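Engineer: Let me see the structure of the following:
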Amino acid sequence: MIEKIDISKVLFLDIETVSGKPAFDELNPAFKTLWTHKARQILRTGEDPSPEEAAATFKDRAAIYAEFGKIVCISVGVVRRDEDTKKLSVRLKSFANREEAVLLEEFAGLMNQYYNDPRRHYICGHNIKEFDMPYICRRMLVNQMPFPELLQLSGKKPWETGHLLDTMDMWKFGDRKNFTSLKLLAAVLDFPTPKDDIDGSNVGRVFWEEDDLERIAVYCEKDVLATVQLFLRYKRMPLIEMEQVHHVSV
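Structural biologist: Reported below is the predicted structural model:
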């Protein structure tokens, strides 16, 4: 199937998330109780965690749950083909904002304007079916926003969501237990891996302690580029060279 997909019709995507509050102690009483119950499930001790354990677990894990976290960056990549040379290039752009509703509205605007037909357009990411898409949809609902057409996923059968392309899923080849990171696939399939001074576990610290949203966006865009390269490997096409990468600020 992937050989038949026009890469110029694919929106490549990655998100970065942080905890909804800087620390467990800043949650309101109801959410403290709810997180304590969640931490008990995470730690699997059979007992409620101590306040210290709940706080440590919140710091490490809250960002991955849409009920306790929020999106601070959505980076996208679009591949273009030169009409004369047929050479590919990629344009990268980030929707990053301390106010989640603002970046979600901007992202939805892009989707509604340019990627609004699931019969013609695709969204691609690494582990996008289990993380990025559910997280985006849940946070849009929390913010009481209408879903773009390609995000109308609730109640859909698997064969009705063929416009979602998951590069991790493509590597499974029927192995339902497999989880393979983007970094590992970059090494195995020999394409440049995103190297940076932070990784996913540092995003919360960079956001809440350093207030460096631009640094997070740069990191997120590098993962989008790596996903484009992985997709090209799956299609057995030449990789994108760095001079073919363009960053769009507006």
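Engineer: how much distance is there from the helix or strand hosting residue 109 to the middle of the chain?
Structural biologist: According to DSSP states H and E, residue 109 maps onto helix 100-114. Computed by C-alpha atoms, centre = their mean, to the nearest Å, the chain-centroid distance of helix 100-114 equals 15 Å.
Engineer: Identify all contacting residues around it.
Structural biologist: The contact list for helix 100-114 (C-beta atoms under 8 Å, 6 or more residues apart in numbering) reads 11, 70-74, 76, 95-97, 121, 136, 139-140, 143, 145-151. In this view, the C-beta of every residue, glycine as well, is placed from N, C-alpha and C.
Engineer: what's the model's confidence in that helix, averaged?
Structural biologist: Helix 100-114 shows a mean pLDDT of 97.
Engineer: and the strand or helix carrying residue 37, which residues are buried?
Structural biologist: Assessed by DSSP H and E, residue 37 sits inside helix 29-43. Within helix 29-43, the residues scored as buried using 16 or more other C-beta atoms under 10 Å are 31-32, 35-36, 38-40, 42-43.
Engineer: now stretch 213-226
Structural biologist: 213, 215-226.
Engineer: Please apply the same query to stretch 40-54.
Structural biologist: Buried residues in stretch 40-54 (16+ other C-beta under 10 Å): 40, 42-43, 49, 53-54.
Engineer: between those, which is closest to residue 20?
Structural biologist: Nearest to residue 20 among these, counting by C-beta to C-beta, is residue 54 at 14.7 Å.
Engineer: How about the contacts made by the closest one?
Structural biologist: 24, 32, 35-36, 39.
Engineer: what's the farthest-apart pair in the residues you listed?
Structural biologist: 32 and 39 (10.3 Å).
Engineer: now the helix holding residue 37: mean pLDDT?
Structural biologist: 94.
Engineer: same question, stretch 9-21
Structural biologist: Stretch 9-21 comes out at a mean pLDDT of 97.
Engineer: Could I get the buried residue list for it?
Structural biologist: For stretch 9-21, using 16+ other C-beta under 10 Å, the buried residues are 10-21.
Engineer: Repeat that for stretch 110-121.
Structural biologist: Applying 16+ other C-beta under 10 Å to stretch 110-121 flags 110-111, 115, 118, 121 as buried.
Engineer: got it, and stretch 132-144?
Structural biologist: Under 16+ other C-beta under 10 Å, the buried positions of stretch 132-144 are 132-133, 135-137, 139-140.
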